[in-house]
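Asker: I'll drop the sequence and a predicted model, then ask my questions.
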Amino acid sequence: MADIMVIIPAYNEANSIAKVIQEIPAIVSEIIVVNNNSSDDTAINATRAGATVLNETRKGYGYACLCGMDYIAKKSRKPNIIVFIDGDYSDYPEELSKIVKPILDENVDLVIGARSKALREDGSMTPQQIFGNKLATFLMKIFFASTFTDLGPFRAIKYEKLLEMEMEDKTYGWTIEMQLKALKNKMSYIEIPVRYKKRIGVSKVSGTVKGSIFAGVKILAWIFKYSLK
């Protein structure tokens, strides 16, 4: 039986984090919430819901993910699969079983939950998110012959493959870095269509002009960096 652990980066997700934790399937051995310097009750609510809560005071999605990985690296028992999901309840946590299935059944290295238009709630993705996804995946197709259609945060990866990637991005570029490194390292990957709904609360990235610009710049920088290697 595969050992599956979940990492949830969370910044001010007090109203949603317990819902995410409670709906994650029981096949998961540990749910790790990384409290990314929240000013609300995110950590308290996550603890009450049964998650392991870590604190990362340096703000940044990548910082939070790396904190979770560092915690796992120090454990005597290592997982086979790591799942990443956001703490805002925009994904459907129960679909985790569907996300890990290609790894378990077909030995795929990386699975991305693709937020396909047909399964997205209206307004769940901002126009800048939709445009950014299309631009990034188009460039990956041109430069790397990629078949990715989304940079969705709901994803599963073999733990050993995640370590091989030597992830380093601290902020907005985490998802694109993982996908680019999977391409460059010739890892197997697949996209699984997932449902997507309006998040609880306001996005720290797509919900602000500053966040959208920084995220877009970071994503493009990673693509062009790898296209020159």
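Answerer: Perfect, I can see it now.

Asker: would you map the strands across this protein?
Answerer: Defined through DSSP state E, the strands belonging to the chain, from first to last, are 4-10, 28-35, 52-55, 81-84, 110-114, 155-158, 189-193.

Asker: closest to Ile219 out of those strands?
Answerer: When these are ranked by proximity to Ile219, the top entry is strand 110-114, at 14.7 Å, counting by Cβ to Cβ. (Each C-beta comes from the backbone N, C-alpha and C, glycine too.)

Asker: which elements pack onto the closest one?
Answerer: Contacts defined by 3 or more Cβ pairs under 8 Å, 6 or more residues apart in numbering; DSSP states H and E place strand 110-114 against helix 96-106, strand 155-158, helix 174-184, strand 189-193.

Asker: and stretch 151-167, what's its mean pLDDT?
Answerer: Per-residue confidence for stretch 151-167 averages out to 97 on the pLDDT scale.

Asker: nope, stretch 35-47 is what I was after
Answerer: 97.

Asker: enumerate every residue touching Trp222.
Answerer: By Cβ atoms under 8 Å, 6 or more residues apart in numbering, Trp222 lies in contact with Asp169, Gly173, Ile176, Glu177, Leu180.

Asker: could you export the strands of the chain as JSON lines, including distance to Lys218?
Answerer: Shown next, in JSON lines, are the strands of the chain (distance: least, Cβ to Cβ, whole Å):
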{"stretch": "strand 4-10", "distance to Lys218": "15"}
{"stretch": "strand 28-35", "distance to Lys218": "19"}
{"stretch": "strand 52-55", "distance to Lys218": "23"}
{"stretch": "strand 81-84", "distance to Lys218": "17"}
{"stretch": "strand 110-114", "distance to Lys218": "18"}
{"stretch": "strand 155-158", "distance to Lys218": "18"}
{"stretch": "strand 189-193", "distance to Lys218": "21"}
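
Asker: now render those strands as TSV, adding distance to Lys141 and mean neighbour count.
Answerer: Rendered in TSV, the data for these read as follows (distance: least, Cβ to Cβ, whole Å; neighbours: other Cβ atoms under 10 Å):
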stretch	distance to Lys141	mean neighbour count
strand 4-10	27	25
strand 28-35	32	23
strand 52-55	36	16
strand 81-84	23	24
strand 110-114	14	25
strand 155-158	19	24
strand 189-193	13	19
